[in-house]
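1. dropping the sequence and predicted coords here.
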Amino acid sequence: MNQSDNSTTGQTNSGTSRRQFMQSGALAAAGFFIVPRHVLGGKGFIAPSDKLNIAGVGFGGKGYSDTNNAYNNGANNIVALCDVDWGLPNVKKNFTNHPNAKRYKDFREMLDKEGKAIDAVTVSTADHTHAVVAMAAMQRGKHVYVQKPLTHNIYEARMLTEAARKYKVVTQMGNQGSSNPQQKQMVEWFDKGLLGTVHTVNLWTNRPVWPQGIPVPQPASETPVDLDWDLWLGPAQKVGYTPAYHPFKWRGWWNFGAGALGDIGCHIMDTPFRVLGLGYPTEVETSIGQVFLKDWTPEYIPEGCPPSSHVELKFPATAKNKSAIKMIWEDGGIRPFRPEMLPAGEPMPENGENGVLIHGDKGLLVCGMYGNDPKLYTKDGKKIEAAPNQRVY
């Protein structure tokens, strides 16, 4: 989901910004001269009118870097900060980083009180509240940046897509690989025919790196004094607080997260989708690891995600690739066997922890989680490496 509206960027129908139009057109013809702002304010000066006023919702974890990257060393303003747990180290640190930002625990209160001052909102809460926070912001005309996974389920994703169109706001999901220039190089390799026709894609991750496939934890006797547990639960089924859920381990429970695939799949799958121009799969089949708490009796824990999984997706041939493709996802410590086309001495991506293998009839494409450090091994023995990654994320 990624849309833009010319009214937010100040562009005319011809694609020229209002500022460019004034500099090159009307005022110049009238004999006026525009003095660049850096002349008046010094090199690197950004006029207040050119800064965005940003609010951050959820910044005890990944949201800490999201809000500060949006702040960009003063290029924009952080006008409000909202988190349900003021006791987390990153929350305390960010309150210090942005002492003038208004502080809230309830995002609804923040939007009601600070709405007129806010241009955009970053959403970096737990998965189960991504959609409700983003929707509330978009309904008020605020642009949103939402951490991955965009939503807790497919229905919510489609609702947000429709809302972005309806409210004409700019939206983006946090997916670092999409801004990796090395991914573009892989697209070029494929388009040049260096891989040939692709038939199989292997994807894998070492996640979950948190407890998963375990019995439901018992609620703790007390909730931390700085945490509003009801606000953290939001639309989820009501359960008691336990450190087995917050602040990090909620990912392994369907009530809040989506397991290893939901957590990291959007990163790892992004490269083959972009390189191969894939759409929706036609078939999906999966098997999962079992949990045994008693001899010979597998436990079914419907509240929790499985300890490991193997998923196969089938995609039809496309205009870019004339063959059907089988995509194999593995997590929980399961990974594909070393491909024959990978020369001896050449490592698997990221020491085998996370990676992508794209198998073609002319070559093998190998890269890491974010499409980083790609290498192409051809059947005639060539090795092609991408230019060094000039990270822009």
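-> Structure received. Residues are numbered from 1 along each chain as shown.

2. from here on, just use CA atoms for contacts and neighbour counts.
-> Will do.

3. show me where the stretch 151-300 of the chain has its strands.
-> For the stretch 151-300 of the chain, strands defined by DSSP state E, counting those that start in this stretch occupy the ranges 171-174, 198-204, 283-288, 291-294, 297-299.

4. among these, which is nearest residue 377?
-> Closest to residue 377 of those is strand 198-204 (Cα to Cα; 13.6 Å).

5. now do the closest one, average pLDDT.
-> Mean pLDDT, strand 198-204: 98.

6. hang on, the earlier thing: deepest of the strands of the stretch 151-300 of the chain, which one?
-> When you average the neighbours per residue for each of the strands of the stretch 151-300 of the chain (mean count of other Cα atoms under 10 Å), strand 198-204 leads with a mean of 22.

7. hmm, back to that, to residue 387, which of the strands of the stretch 151-300 of the chain lies closest?
-> Between residue 387 and those, the shortest separation by Cα to Cα is 22.9 Å, and it involves strand 198-204.

8. tell me what that closest one is packed against?
-> Other helices and strands packing on strand 198-204, by 3 or more Cα pairs under 8 Å, 6 or more residues apart in numbering; DSSP states H and E, are helix 259-276, strand 325-331, strand 355-360.

9. out of the ones you listed, flag the one nearest residue 51.
-> Proximity to residue 51 (Cα to Cα) singles out helix 259-276 among the helices and strands packed on strand 198-204, at 29.7 Å.

10. list the buried ones in the closest one?
-> For helix 259-276, a neighbour-count test (16 or more other Cα atoms under 10 Å) marks 259-272, 275-276 as buried.

11. distance to residue 230 for the strands of the stretch 151-300 of the chain - can I get that in a markdown table?
-> Listed next are the strands of the stretch 151-300 of the chain as a markdown table, based on distance: least, Cα to Cα, whole Å:
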| stretch | distance to residue 230 |
| --- | --- |
| strand 171-174 | 26 |
| strand 198-204 | 35 |
| strand 283-288 | 32 |
| strand 291-294 | 31 |
| strand 297-299 | 30 |
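
12. between those strands, which one is closest to residue 362.
-> Set against residue 362 and scored by Cα to Cα, those come closest in strand 198-204, at 8.7 Å.

13. run the angle between that closest one and strand 355-360 for me.
-> Computed with axes from the mean of the first three to the mean of the last three Cα atoms, to 10 degrees, the direction of strand 198-204 lies at 170 degrees from that of strand 355-360.

14. make sure residue 261 is actually in contact with residue 331.
-> Yes - counting by Cα atoms under 8 Å, residue 261 touches residue 331, with 7.5 Å between them.
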